[in-house]
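Chemist: Structure for this input, please:
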Amino acid sequence: MASATSIVFDDIFTISAIDKEGKKFDRVSRLYARSKNYEMELTLDYNIELFPLLQGQSFALALASSLARGGTQATTSGAEGTEDTEDKDRDVWRPDGKGRHGLEEDYEYVMYGKVYKFDQGTNENVTAYASFGGLLLSLTGSFRHLTSIVLGESIYVLMRK
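Modeler: Residues are numbered from 1 along each chain as shown. Next up, the predicted model:
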């Protein structure tokens, strides 16, 4: 199943508050932001040493199912070629710097986690929840903008100023 892109959500957010319920950890803050295009509400825990942000600041946020550029596509025909491509896409980024470079090259801050919950809200609004090693994300807004986010699937959050 090939897709045109691995990005499942992308928008610009403006931070309305940081740590409004108090600071709980030295290197982690929780931001609250609203998106410009889709009017989504975001709550996100992030490492302030790696990606410092200020109230009122805007940043780009994307959610992706893979770091592979242009989605996952088989370049050769046959089962063997497809399997090789999928194995390569699995290892787009590696801590040792080897491997292929993907979407992470276009962003300053990347986290890898899992979508663990969806809440049905009022009218057409839903909330998607993901955890990135204990750093949490909640994204609330029209279900139309969250249709590609799948419960139980792994997900990357990518951010840049």
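Chemist: CA atoms for contacts and neighbours, from now on please.
Modeler: Noted.
Chemist: what sits against G141?
Modeler: Y38, E39, M40, E41, E124, N125, V126, T127 (C-alpha atoms under 8 Å, 6 or more residues apart in numbering).
Chemist: One more: Y38?
Modeler: Contacts of Y38 (C-alpha under 8 Å, 6+ apart): D11, G141, S142, H145.
Chemist: Same check on Q57?
Modeler: By C-alpha under 8 Å, 6+ apart, the neighbours of Q57 are T14, I15.
Chemist: Please report how far it lies from E108.
Modeler: Separation of Q57 from E108 (C-alpha to C-alpha, to the nearest Å): 15 Å.
Chemist: Most neighbours among the contacts of Y38, which one?
Modeler: Counting neighbours by other C-alpha atoms under 10 Å, G141 leads the contacts of Y38 with 21 neighbours.
Chemist: Just after the helix or strand it falls within, pick out the following helix or strand.
Modeler: Element membership of G141 [criterion: DSSP states H and E] is strand 135-142. Downstream of strand 135-142, the next assigned helix or strand under DSSP H and E is strand 154-160.
Chemist: could you give the angle of that next one to strand 135-142?
Modeler: 90 degrees (axes from the mean of the first three to the mean of the last three C-alpha atoms, to 10 degrees).
Chemist: which of the residues in strand 154-160 are buried?
Modeler: Neighbour counts over strand 154-160 (16 or more other C-alpha atoms under 10 Å) mark S154, I155, Y156, V157, L158, M159 as buried.
Chemist: and the closest residue to S35 other than its chain neighbours, what are its phi and psi?
Modeler: Sequence neighbours aside, F13 is the residue nearest to S35 in space, at 4.1 Å (criterion: C-alpha to C-alpha, 6 or more residues apart in numbering). When read as degrees, to the nearest 10, the backbone of F13 gives phi -120, psi 150.
Chemist: For F13, give its distance to R100.
Modeler: Remark: distance between F13 and R100 (C-alpha to C-alpha) = 29 Å.
Chemist: Between those two, point out the one with more neighbours.
Modeler: Legend: neighbour count by other C-alpha under 10 Å for F13 and R100, higher for F13 (24 against 14).
Chemist: V157 against V110, yeah?
Modeler: Yes: when contacts are counted by C-alpha atoms under 8 Å, V157 is listed as touching V110 (5.6 Å).
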